[in-house]
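Visitor: sequence-free structure coming up:
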C-alpha cells in the first residue's frame, strides 16, 4: 500500500475509534467525512410558513406541584432554555417567527393562577400570539430509581402540543409524546463525578434542544450528540 493511502487509512481508523469511544453513532461518520456539506434535518412542525408577517410564538409549560428540591423551578428553567434555543435557531435559519420572552409569560402565569383553565384564544390574544406551544410535563427526574440518589440519570416525559390561533377551535396542529433518557450513551453517572446542579443544566439543555428540533431545522451532525 502506498504511503498516502496508508495515512488516509490510519486517519479513518483513528476517527472511527474516537467516534465509538466518545459514544457517537458511527453511522454518522460519512457526514463528518463530507467536508463542506451541512445536511439539514427539517422540523416536523414549521411555524410561520405562509404568514405575511413574522409570527409570535408563546411557550407554556405546566407540571404538577414539584416537591423534590433538585427539581424546584425546573419547568421554568426548561421553558427559558427552549425559548432561547428557538430564538437563536430561528434567527440562524431565517424562520418566520419570534418567541415571546419567557419572563413575560411567567409574569402572566403568576398574575393569573387559573391560567390553565383559560381558553387558548384568550391567552393568545393577551400576547398577540399566532402559535402556542404547550408543554405538559408528565415526569421529570434526575436520579436513577432505587440508587439512593447515588447515580444521576435524567428522565423526562413531556406531551408537546401546538395550537395555531389563526385556525378555528382549539385542536392542536401538532402533538407528540416526548421521552428522554440522559445521558443515553454513557448511562447513569456517579454523583461523585459531577454535581447535581451541573447535571441538571446539562439534562434540561438536552431536553430543550430536542424539543426545539420539532420546530426548527438542525444539522445531521447535531442530531447525533456524543452524550
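Guide: Alright, I've got the coordinates. Remember, predicted model here, so these are calculated numbers, not experimental data. Numbers count the residues shown, from 1 in each chain.
Visitor: burial count for residue 90?
Guide: 23 (other CB atoms under 10 Å). (Each C-beta comes from the backbone N, C-alpha and C, glycine too.)
Visitor: And residue 97, how close does it get to residue 58?
Guide: Counting by CB to CB, to the nearest Å, the gap from residue 97 to residue 58 is 11 Å.
Visitor: Overlap of the contact sets of these two?
Guide: Shared contacts of residue 97 and residue 58, defined by CB atoms under 8 Å, 6 or more residues apart in numbering, are found at residue 131.
Visitor: Tell me the helices and strands packed up against the one helix or strand residue 122 maps to.
Guide: Using DSSP states H and E, residue 122 sits within helix 120-127. Judged by 3 or more CB pairs under 8 Å, 6 or more residues apart in numbering; DSSP states H and E, helix 120-127 is in contact with strand 55-63, helix 102-111, strand 131-143.
Visitor: Quick one: the helices in this protein, in order.
Guide: Ranges of helices within the chain are 3-21, 29-33, 74-93, 102-111, 120-127, 196-212, 220-223, based on DSSP state H.
Visitor: Which positions within the fifth one qualify as buried?
Guide: For helix 120-127, a neighbour-count test (16 or more other CB atoms under 10 Å) marks 120, 123, 124, 127 as buried.
Visitor: same thing with the fourth one?
Guide: Within helix 102-111, the residues that qualify as buried by neighbour count (16+ other CB under 10 Å) are 102, 105, 108, 109.
Visitor: Is the second one in contact with residue 60, as I believe?
Guide: This means residue 105. Yes - counting by CB atoms under 8 Å, residue 60 is a contact partner of residue 105 at 6.7 Å.
Visitor: Can you pull the residues that touch both of the two?
Guide: Both residue 105 and residue 60 are contacted by residue 79, under the criterion CB under 8 Å, 6+ apart.
Visitor: Touching, residue 219 and residue 41? I think so.
Guide: Yes - counting by CB under 8 Å, residue 41 is a contact partner of residue 219 at 7.3 Å.
Visitor: Kindly state the pLDDT recorded for the closest residue in space to residue 74 that isn't next to it in sequence?
Guide: Distances taken as CB to CB, 6 or more residues apart in numbering place residue 140 nearest to residue 74, at 5.9 Å, with adjacent residues excluded. Note for residue 140: predicted pLDDT of 94.
Visitor: do you know how far residue 140 is from residue 66?
Guide: The value you get for residue 140 to residue 66, if CB to CB is used, is 8 Å.
Visitor: intersection of neighbour lists for these two?
Guide: Shared contacts of residue 140 and residue 66, defined by CB under 8 Å, 6+ apart, are found at 74, 75.
Visitor: Which one of the two is surrounded by more residues?
Guide: The residue with more neighbours, out of residue 140 and residue 66, is residue 140; 22 against 14, by other CB under 10 Å.
Visitor: Since that was my last question, I'll sign off now.
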